[in-house]
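1. have a look; sequence and predicted model below, questions after that.
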Amino acid sequence: MASVGSSRICAKVQDKLCQWGQYTFIRRKSACVRSRIGYQTPFRAYLQDTQAQSQSTLVGTATASTATSACWHPCNRPEVAGTARTYGTMRTHQPGSLPEYQVDPYTVMEDDLKDVYEYIRNILRQNTYQDNLYEIATYYFDGHGKAIRPMVSLLMARAINYHMYKEKSLLSSQREVAMISEMIHTASLVHDDVIDQSDFRRGKPSVNVMWNHQKVTMAGDFILAVASMMIARLRNNDVTSVLSQVVTDLVQGEFMQLGSKETENERFAHYLTKTYRKTASLMANSLKSVSILAGAEEQLSDISYQYGRNLGLAFQLVDDLLDFVSSAEAMGKPTATDLKLGLATAPVLFACEKYPELNPMIMRRFQEPGDVEKAFELVHKSRGLEQTQFLAKQHCQEAMRLSQLLKESPYQKGLVVTADFVLNRMK
Ligand code: FPP
Ligand code: MG
């Protein structure tokens, strides 16, 4: 039975150490970046709005030498990797007033996370005698994902319990929400891989390569159905409606991705709504659910929700950025796929300002010969990657600010560090 074992956790920590190295590097260069990144229409209003929400000091993240992704990406900066290896523990501090932290959320949550995948496999097993259905449905529950959704749900649950009651334990219903969150996410990935005709995920052939589409689609449905039973068993009407909203959002977000908008303003708004629905809603509403289960008042559960919303938006922005700059090896899935799928994500939308010739390509979904290559090149020549990361950073800063409204505890600190992970992740 696969689970998140300690060696896996160690591997994760190594990855994070590398990211911490990047962060150190970024801080040294930050001063020059603030003046380099300009905001132009149609994104200025959105950026300023996000900025107004954030009371944290903003520090740009790209470097003065970010003309191309080759020098921008941490994988291509040996000095960063070198820095990373000098740190024995996960340590980070944020610019400005934050104190130093010595919290690695993956370590803090190791015991909680260890059970998540085993439990999910058990509950799927309990609900079918069909070995083939079980095998397909559990294919991605092998402990090789980032487990960001269960981790952050469990962290928030513990942080809220401590904030409200100085209580260090977890409710079983909160643990269930962490699992439900991962199950909804995985069901959506199973369907997504069929839709995208994907080849590879998490370092292995994707589920649609291993089995036929009919079986895979039904396995996705099965995971979602079992997750729905688990929601019903929580017997909490508010949580039921909050988590049902997530499924509606996921489907609508995926559907929105199939359409394009005519004007730049409409397109960016469409992209952000799509991003919320496809990625942020699940994190936001899972975190809201664990707070509701703790008996939190609306104001407190809204802090959880907003933390998850900001983290989720940043997570997807970074994902869209990594699609342009990371390698398939690092990501465990093919990169440079969004353009091939006809998708104009934040880096392209930002690049449009400097290179309006991208507009007709976006409208025809990069279908003409040479479109993908040309768009890829223009994105790298523009400041779209820096601007995307800057926007992600604003959302991470806001998530950090929100987590600091909770009473200090290892879990609350873990939430701060997680926002840093999301921003500086490399896969
Ligand atoms: C990955 O996107 C996909 C999602 C985050 C959501 C997909 C949602 C659906 C297919 C709707 C159905 C939902 C349920 C609950 C069954 P991506 O293709 O951008 O990322 P990738 O590169 O990891 O594939
Ligand atoms: Mg996909």
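-> Yep, that arrived. Ligands and ions are numbered 1, 2, ... in the order given.
2. residues in contact with the residue in the stretch 101-250 of the chain positioned nearest to ligand 2?
-> Among all residues of the stretch 101-250 of the chain, residue 196 sits closest to ligand 2, at 3.7 Å; criterion: Cβ to the ion. C-beta coordinates here come from the backbone N, C-alpha and C atoms, glycine included. When contacts are counted by Cβ atoms under 8 Å, 6 or more residues apart in numbering, residue 196 touches 337, 341.
3. try 10 Å this time
-> For residue 196, the contacting residues are 189, 206, 208, 334, 337-338, 340-341, 343, by Cβ atoms under 10 Å, 6 or more residues apart in numbering.
4. distance check, residue 347 against ligand 2.
-> Between residue 347 and ligand 2 the distance, using Cβ to the ion, to the nearest Å, works out to 17 Å.
5. from ligand 1, how far off is that residue?
-> Relative to ligand 1, residue 347 is positioned 13 Å away (criterion: Cβ to the nearest ligand atom, to the nearest Å).
6. next: residue 226.
-> Here the distance between residue 226 and ligand 1 works out to 12 Å (Cβ to the nearest ligand atom).
7. let's see stretch 265-282 as CSV, backbone CA atoms only.
-> Included here for stretch 265-282 are C-alpha records, laid out as CSV according to Å, rounded to 0.1, in the frame of the first residue of the first chain:
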residue,chain,number,x,y,z
ASN,A,265,-9.5,43.2,-20.8
GLU,A,266,-12.2,40.5,-21.2
ARG,A,267,-9.5,37.9,-21.8
PHE,A,268,-7.6,38.6,-18.6
ALA,A,269,-10.8,38.7,-16.5
HIS,A,270,-11.8,35.4,-18.2
TYR,A,271,-8.4,33.9,-17.4
LEU,A,272,-8.6,34.9,-13.7
THR,A,273,-12.2,33.6,-13.2
LYS,A,274,-11.2,30.4,-14.9
THR,A,275,-8.1,30.1,-12.7
TYR,A,276,-10.2,30.7,-9.6
ARG,A,277,-12.7,28.0,-10.6
LYS,A,278,-10.2,25.5,-11.9
THR,A,279,-7.7,25.7,-9.1
ALA,A,280,-8.3,28.2,-6.3
SER,A,281,-11.9,27.3,-5.4
LEU,A,282,-10.9,23.8,-4.2
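8. now it, how far from the chain's geometric center?
-> For stretch 265-282, the gap between its own C-alpha mean and the chain's C-alpha mean amounts to 13 Å (Cα atoms, centre = their mean, to the nearest Å).
9. could you give the mean pLDDT of it?
-> In this model, stretch 265-282 has an average pLDDT of 95.
10. now stretch 185-193
-> 98.
11. and it, anywhere near ligand 2?
-> Yes. Using Cβ under 5 Å from the ion, we find that stretch 185-193 touches ligand 2 at residue 192.
12. do any residues in that stretch lie close to ligand 1?
-> Yes. Contact between stretch 185-193 and ligand 1 is present through 187-189, 191-192 (criterion: Cβ under 6 Å from any ligand atom).
13. ok, back up a step: from the contacts of residue 196, list the buried ones, please.
-> Members of these that pass the buried threshold by neighbour count (16 or more other Cβ atoms under 10 Å) are listed as 189, 206, 208, 334, 337-338, 341, 343.
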